[in-house]
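1. quick check, what structure comes out for this input:
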Amino acid sequence: MRVKNSILITQIIMSEKVTNGLSSPWKAYEKIAVRAALVYAVVSTIPFNPEFYSQNFDAGFNVNSYPFRWLDVVSQNKPWFFASQEGKNYTGWFITVLICIAAGFAWQQIDKKRRNDETVYYWFYTAARYGVALRMSWFAWAKVFPVQMPFPTISQLNTNLGDFTPGKLYWLTTGVSPFFEVFAGIFELVATLLLLYRRTTTLGAFMMIAILLPIWFVNIGYNAGVELTSLHLLSLSLLLLVRDAGKYYQIIIEYKAVALTYVQQFELPATWYKYTRLALKYGFIFLFVIYRGFGYGNLYASGKSFKLPLADGLPGISGFYKVSEFKLNDRFIPEAIGDTTRWQNVVFEKFNSISIQLDKPFKLNTKNSIRTTEYYGNIGRHYYGYQADTINKVFKLKNRADSTVQLTLRYELHDTGQFLLSGVNENRDSIFVVLNKIEKKYPLEQKREW
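-> Reported below is the predicted structural model:
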């Protein structure tokens, strides 16, 4: 029994070679299906959208400061049918699938005389594997070094639970447990590496399905923003297994010894082709796996995350500050529930952000285009980026959500931890604020394992 189990496991991990003479001929619908699948794998991976090339890459990816982020530019390309409805454009996805099927049918009609459809299948097999690996290598490394879902900031730790959307709350609760995030990243990275080799693709595809199916459901349930992306990658992973679906049933359910289909490698007699193919394969592995992993490792070691501002804040001031005194146009404003002008508390982050809690209505912003900003998916606080003139003791604040809203404040920092701010707000009113630092303890942070 132990020997039999070993044989069955080996058959799942490695595809056994089936000779051409034993291979069954391709049926007409199979020819259409494989051509449609190849078209889908290509059009959903290569950026055909003109908007992709016209975007400000440095603004979105910080490519000038972090050159390895050019790899993320390619990996995070979203096909046209992802663009609208905040990543939930199922209509566009279904239309794309129908167009690919029509293209597969037309291709099959034109290419009826082709005898070796294994070549078409090989190119689909390659395009699908590398299409999944292209995107998942980014998700994997961003979890192995937990920067995709970073630990909550001080501002987030001081935001009411009800002020978060379900999607933002899910990301924060995942960030609270770096151990789980790293484990998920290692699992994704192993699956990605297995997809890069034909003999281990079957195991890699099964692992990807185990990863992507719950991710798809999580995004549906929490409205977390990458719903269609996860379905797209799940679809490609499933397509890699469709050809041997009946054999998996025999192996897993009927417990029979069955040889899986061997995907023959496309070869040309020319020597240059062999070396070009190897150069492209290992060039991909070096850039998207090794070099990217090194880049994300350095990013994590420096304590930064692309989900948060990268510029450092003024040293020694980060923390939670209670507003003990607030004046507007030289008029003292007492603390009162419902007052929409008085600041309640202020947070200085380790990076160059200040957040201010106000008791006033907020406009919730859940656009996917601002997922990397602090104000995405939550309300209750105003977020400002700042530049500090340490010689003249001046803060220049710019609202993260609306860059036209700016404040210029003079500051005084006392040895007691008291902070004095004075200046003019966005309405040209003079303000004077006295802040007292509160040493708060957060159970989430005290239980932090990493």
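
2. pLDDT below threshold where in the stretch 51-200 of the chain?
-> Scanning the stretch 51-200 of the chain for pLDDT under 70 picks out the ranges 82-87.

3. which non-adjacent residue is nearest the spatially most central residue of the chain?
-> Centroid-nearest residue in the chain: Phe139, 5.5 Å away (criterion: CA atoms, centre = their mean). Closest residue in space to Phe139, ignoring its immediate chain neighbours: Glu188 at 5.8 Å, by CB to CB, 6 or more residues apart in numbering. To be clear about C-beta, it is placed using only N, CA and C from the backbone, and glycine gets the same treatment.

4. now do the phi/psi pair for the nearest residue to Trp26 once chain neighbours are set aside.
-> Counting by CB to CB, 6+ apart, Asp117 is the residue found nearest to Trp26 once chain neighbours are left out, at 4.5 Å. When read as degrees, to the nearest 10, the backbone of Asp117 gives phi -80, psi -10.

5. per-domain residue ranges of the chain.
-> According to automatic domain parsing, the chain comprises the domains 2-301, 319-446.

6. how far out from the middle of the chain is the last one?
-> If I follow you right, that is domain 319-446. Put simply, domain 319-446 sits 29 Å off its chain's centre (CA atoms, centre = their mean, to the nearest Å).

7. who's in contact with the residue nearest to Phe139?
-> Met136, Phe139, Ala140, Lys143, Ile211 (CB atoms under 8 Å, 6 or more residues apart in numbering).

8. what's the closest of those to Lys247?
-> Ile211 (22.6 Å; CB to CB).

9. that older thread, would you reformat the domains of the chain as TSV and include distance to Ala311?
-> Converted to TSV, the domains of the chain look like this (distance: least, CB to CB, whole Å):
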stretch	distance to Ala311
domain 2-301	10
domain 319-446	4
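
10. returning to that earlier point: pull out the buried positions in the helix or strand the residue nearest to the centre of the chain falls within.
-> For Phe139, the enclosing helix or strand under DSSP states H and E is helix 118-144. For helix 118-144, the neighbour count (16 or more other CB atoms under 10 Å) marks 118, 120-122, 124-144 as buried.

11. which helices and strands sit right next to that helix?
-> Counting contacts by 3 or more CB pairs under 8 Å, 6 or more residues apart in numbering; DSSP states H and E, helix 118-144 is packed against helix 28-43, helix 69-75, helix 178-195, helix 201-222, helix 227-242, helix 292-301.

12. cutoff 10 Å now
-> In terms of contacts (3 or more CB pairs under 10 Å, 6 or more residues apart in numbering; DSSP states H and E), helix 118-144 is packed against helix 28-43, helix 69-75, helix 90-110, helix 178-195, helix 201-222, helix 227-242, helix 271-285, helix 292-301.

13. just say helix, strand or coil for Glu374.
-> Secondary structure state of Glu374, per DSSP: H, G, I helix; E, B strand; the rest coil, is coil.

14. and for it, the neighbour number?
-> Around Glu374 there are 23 other residues, counting by other CB atoms under 10 Å.

15. apart from its neighbours in sequence, what residue is nearest it?
-> Excluding the flanking residues, the one nearest Glu374 by CB to CB, 6+ apart is Tyr383, at 4.8 Å.

16. quick one: residues contacting Phe320.
-> Phe320 is in contact with 154-155, 157-158, 345-348, 355, 435-440, 442, counting by CB atoms under 10 Å, 6 or more residues apart in numbering.

17. widest-spaced pair of those?
-> Leu435 and Tyr442, at 19.2 Å, using CB to CB across the contacts of Phe320.

18. before we move on, the earlier item: doesn't Ile215 make contact with the residue nearest to the centre of the chain?
-> Yes: between Phe139 and Ile215 there is a contact under CB atoms under 10 Å: 9.0 Å.

19. who touches both of these two?
-> Each of Ala184, Glu188, Val226, Thr229, Ser230, Leu233 lies in contact with both Phe139 and Ile215 under the rule CB under 10 Å, 6+ apart.

20. would you turn these into CSV with distance to Val258?
-> Shown next, in CSV, are the shared contacts of Phe139 and Ile215 (distance: CB to CB, whole Å):
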residue, distance to Val258
Ala184, 32
Glu188, 29
Val226, 36
Thr229, 34
Ser230, 30
Leu233, 27
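
21. dig out what the residue lying closest to Asn392 once chain neighbours are set aside forms beta bridges with.
-> Leaving out its chain neighbours, the residue that sits closest to Asn392 by CB to CB, 6+ apart is Arg410, at 7.9 Å. In this entry, Arg410 is beta-bridged to Val394, Ser422, by DSSP bridges.

22. dump the residue contacts of Arg410.
-> Applying CB under 10 Å, 6+ apart, the residues contacting Arg410 are Asp389, Asn392, Lys393, Val394, Phe395, Leu420, Leu421, Ser422, Gly423, Phe432.

23. how about 6 Å then?
-> Contacts for Arg410 were tallied using CB atoms under 6 Å, 6 or more residues apart in numbering; they are Lys393, Val394, Ser422, Gly423.

24. what about the third one, distance to Ser318?
-> Right, Ser422. Per CB to CB, to the nearest Å, Ser422 is found 21 Å from Ser318.

25. over to the second one?
-> From Val394 over to Ser318 the distance is 19 Å, taken as CB to CB.

26. now do Val289
-> In terms of CB to CB, Val289 sits 35 Å off from Ser318.

27. more neighbours: these two, which one.
-> Using other CB under 10 Å as the criterion, Val289 and Ser318 rank with Val289 on top: 20 against 16.

28. ignoring the adjacent residues along the chain, who's closest to Leu195?
-> Gly204 (4.0 Å).
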